[in-house]
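# My questions concern the predicted model and sequence given below.
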Amino acid sequence: MFKLLCVTNRALVKEDFRERLEKIASAGVDSIILREKELDEEQYLALCKGLEGLPIVPHTFVEIALELGKNAIHLPLSDFFKLEEREKSCFQTIGVSCHSIEEARRAEELGAGYLTAGHIFETNCKRGVPARGLVFLEQVCKSVRIPVYAIGGICAENIHEVRERGAAGACVMSGAMLCDDPKEYFRKLREGL
């Protein structure tokens, strides 16, 4: 089953952040990766505690994820490399961001449960940085046995292309954070499949 994930960016949200995430959750996303890089640990913990009951996957903050009893976490590759085996064993699922075939293979070898690979299409979040493209996505998907989720510039008009290249799902950020109606936004994404 093709999954839809959402990665957060509070800076883009024009309404109450929890309200936005509630709307996204009710639109049927599989998980919401809480990627709020500008927050320190104390701020991140407070934010997480304000989002209880939502399908949140913490990003980067391992100790906070453990403190909150979360069974999943998403990490940048460099943080995943530093993760100790005892910490890994505390999570059912560890997602890792990768940007090359070599990174994808290494993350799988070290026990990643899934990967995000990108950015696939041009996106305002990576303005001026060339997209890695669909060939890259297909190569990553073929080089590992774990699920790969495409990220970067995914929309209703191109989501079918990432599925056709072997992705197990797609991660969206800007569209989900900026759209007027998350339910309609995710409905159109599913229609695009």
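Nice, I can see it. Quick caveat, the model's predicted, so the values are computed rather than measured. Numbers count the residues shown, from 1 in each chain.

# switch to C-alpha atoms for all contacts and neighbour counts from now on
Fine.

# Could you pull up the residues touching the closest residue to Ala27 other than its chain neighbours?
Counting by Cα to Cα, 6 or more residues apart in numbering, Ala27 lies nearest to Lys183, which is 4.5 Å off, once chain neighbours are set aside. Lys183 makes contacts with 23-24, 26-27, as judged by Cα atoms under 8 Å, 6 or more residues apart in numbering.

# which phi and psi does the residue of the chain positioned farthest from its centre have?
Going by Cα atoms, centre = their mean, the residue of the chain most distant from its centre is Arg86, 23.7 Å out. With angles defined as degrees, to the nearest 10, Arg86 sits at phi -60, psi -40.

# cool, Glu108 as well?
phi -60, psi -40.

# Distance of it relative to Val140?
Taken as Cα to Cα, to the nearest Å, the spacing of Glu108 relative to Val140 amounts to 11 Å.

# Leaving out the residues flanking it, which one is nearest to Ala65?
With Cα to Cα, 6+ apart as the measure, Pro58 is the residue that lies nearest to Ala65, at 6.0 Å, once sequence neighbours are left out.

# For that neighbour, what are phi and psi?
Summarising the backbone geometry of Pro58 under the convention degrees, to the nearest 10, its torsions are phi -60, psi 150.

# Specify the beta-bridge partners of it.
Under DSSP bridges, the beta-bridge partners of Pro58 are Leu34.

# Settle this for me: it is touching Ile73, isn't it.
Yes: contact status for Pro58 versus Ile73: in contact at 5.1 Å, counting by Cα atoms under 8 Å.
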